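J.: Below are the sequence and a predicted model; questions follow.
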Amino acid sequence: MESFNQYLDTVISFRKELHRHPEVSGKEVATANRIVSFLKQFPPDEMITAIGGTGIIAAYNGEKPGKTVLFRCELDALPIEEINNFEHRSVHKAVSHKCGHDGHMAILCGLAIKLHLKRPDTGAVFLLFQPSEEDGSGAQKVLSDTKFKSINPDYVFALHNLPAYPKNQIVVKNNTFTCAVNSIIIKLKGITAHAAEPEKGINPAQAIAAILSAYNKYSQPDSKKPKYCIITPVHIRMGKKAYGVSAGAGEIHFTVRSDSSVEMKNIAGYLEEKARSIADEYKLGISIKWVQTFEANENNSTAVDLVRVAANSNCLALLEKKTPFSWGEDFGLFTQKYKGAMFGIGIGKEKPALHNPDYDFEDEILQTGISIFHHISKQITDADKFNYRT
């Protein structure tokens, strides 16, 4: 039987090719085509394309019926100008892979090679290349696609690379792994007036200040305490650069983070009520819109145990994280619907942070990600050999 090791350089080269040609959420057409071309070299038993937009599912089936597992990665990049000068830097201005999705895709492609060389004994393994994770819309698009209805996996898994953690360290956590994240846009409508006679208009400045103050007081950023909640102002606009005019309209945007999707609903209710109350106090019209919603990623304890077993079997350091990551991940929609887990792999303590313009994925963890995913798949589809109850 062929050894996977001879293909590792192929996976690394492909990761760099993906890095050179990034595409933002919803525009991942060329990226998807590259993935399809790569997979055709290691043909799955079935390939579904254009799922949830540009998504792809590759299925590797066992000889007998059994449990099924889905592994998910992300196709999209970010609207960030890359400042790296290495050979595989982005060829597209102001677009780059600064979250490591190129590496996540390469890991799934490496897993595809392993599954092609040796099919599962039973059941099936599905590889999902998901679009539009960064804007929070991709998971819902995939799950709502009629082409996904036939998949119905017993387990779902995803990973994320982690700067500031030791290289190849596996980071796990039961229950909430990543926070619920929601963004609110508040638009205020008053009356424009001459700046010399502001009393003849209704300026939104005081209301904006009151909303900022109220939300700041409500924020509870200590993840070790109850009612954990981070409320961050990200954009404010009011009036125009016209010094003779008292502004008659404005808007303010916040991102909101909680370690519970249920609690997020309570927070959202409070924030809306408070904003409307302040708008009424200052006699302003108001409209509120929520965007880029990420459900909390709730890890199933049995699924996390499968990760732990895979890490220990591969002699990898394991960190049990005490508190959730504060960033959002739309994989939370999958873990709401199916038993599953997301885990992290450290890429090095000195690596630039995610979304930084000088970030790059660490190729040395590709083998680790592939091995962990593959071991998880074997525990589920070859469960009798592993004597592990799933």
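T.: Nice, I can see it.
J.: where exactly do the strands run in the stretch 151-300 of the chain?
T.: Here the stretch 151-300 of the chain has its strands, by DSSP state E, counting those that start in this stretch, at 155-163, 170-172, 175-178, 180-189, 193-194, 229-238, 245-246, 249-258, 285-294, 297-299.
J.: As TSV, the ones you listed with distance to residue 213 would be great.
T.: To be clear about C-beta, it is placed using only N, CA and C from the backbone, and glycine gets the same treatment. Formatted as TSV, the strands of the stretch 151-300 of the chain follow (distance: least, Cβ to Cβ, whole Å):
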stretch	distance to residue 213
strand 155-163	34
strand 170-172	36
strand 175-178	29
strand 180-189	14
strand 193-194	24
strand 229-238	11
strand 245-246	21
strand 249-258	12
strand 285-294	17
strand 297-299	31
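J.: how about the ones you listed in a markdown table, adding mean pLDDT?
T.: What follows is those, written out as a markdown table (pLDDT from 0 to 100):
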| stretch | mean pLDDT |
| --- | --- |
| strand 155-163 | 98 |
| strand 170-172 | 98 |
| strand 175-178 | 96 |
| strand 180-189 | 97 |
| strand 193-194 | 98 |
| strand 229-238 | 97 |
| strand 245-246 | 98 |
| strand 249-258 | 98 |
| strand 285-294 | 96 |
| strand 297-299 | 97 |
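J.: Compare these and give me the one nearest residue 216.
T.: Comparing these by their distance to residue 216 (Cβ to Cβ), the top pick is strand 229-238, with 7.2 Å.
J.: That closest one to strand 249-258, inter-axis angle?
T.: 170 degrees (axes from the mean of the first three to the mean of the last three Cα atoms, to 10 degrees).
J.: From the contact counts, what lies against strand 229-238?
T.: Other helices and strands packing on strand 229-238, by 3 or more Cβ pairs under 8 Å, 6 or more residues apart in numbering; DSSP states H and E, are helix 205-218, strand 249-258, helix 261-281.
J.: Using TSV, lay out the strands of the stretch 151-300 of the chain together with mean neighbour count.
T.: What follows is the strands of the stretch 151-300 of the chain, written out as TSV (neighbours: other Cβ atoms under 10 Å):
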stretch	mean neighbour count
strand 155-163	25
strand 170-172	22
strand 175-178	22
strand 180-189	21
strand 193-194	14
strand 229-238	16
strand 245-246	19
strand 249-258	21
strand 285-294	16
strand 297-299	25
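J.: can you pull the contacts of the closest residue to residue 39 other than its chain neighbours?
T.: Taking Cβ to Cβ, 6 or more residues apart in numbering as the measure, residue 39 lies nearest to residue 58, with 5.3 Å between them; neighbours along the chain are not counted. With contacts defined as Cβ atoms under 8 Å, 6 or more residues apart in numbering, residue 58 is in contact with 39, 44, 46, 47, 112, 126, 127, 129.
J.: Buried ones only from the residues you listed, please, as a ChimeraX command.
T.: Buried residues within these, as defined by 16 or more other Cβ atoms under 10 Å, are selected in ChimeraX through the command that follows:
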select :39,44,112,126,127,129
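J.: so of the contacts of residue 58, which ones are in helices?
T.: 39, 112 (DSSP state H).
J.: Quick one: the contacts of residue 58 as CSV, columns for distance to residue 31 and pLDDT too.
T.: As requested, these are exported to CSV (distance: Cβ to Cβ, whole Å; pLDDT from 0 to 100):
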residue, distance to residue 31, pLDDT
39, 13, 98
44, 18, 98
46, 21, 97
47, 15, 98
112, 16, 98
126, 19, 98
127, 15, 98
129, 8, 98
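J.: What is the most widely separated pair among the contacts of residue 58?
T.: Of all pairs drawn from those, the one with the largest separation by Cβ to Cβ is 46 and 129; the distance is 14.1 Å.
J.: per the record, what domains does the chain have?
T.: In the domain annotation for the chain, the residue ranges read 4-179+298-386, 185-294 (automatic domain parsing).
J.: hang on, the earlier thing: let me have the contacts of residue 58 in JSON lines, adding distance to residue 317 as columns.
T.: As requested, the contacts of residue 58 are exported to JSON lines (distance: Cβ to Cβ, whole Å):
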{"residue": "39", "distance to residue 317": "32"}
{"residue": "44", "distance to residue 317": "32"}
{"residue": "46", "distance to residue 317": "37"}
{"residue": "47", "distance to residue 317": "36"}
{"residue": "112", "distance to residue 317": "27"}
{"residue": "126", "distance to residue 317": "29"}
{"residue": "127", "distance to residue 317": "26"}
{"residue": "129", "distance to residue 317": "29"}
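J.: So which of the contacts of residue 58 is the closest to residue 248?
T.: Residue 248 lies nearest to residue 129 out of these, by Cβ to Cβ, at 47.4 Å.
J.: Leaving out sequence neighbours, find the closest residue to the closest one.
T.: residue 56 (4.3 Å).
J.: likewise residue 223?
T.: Nearest residue to residue 223, sequence neighbours excluded (Cβ to Cβ, 6+ apart): residue 323, at 4.1 Å.
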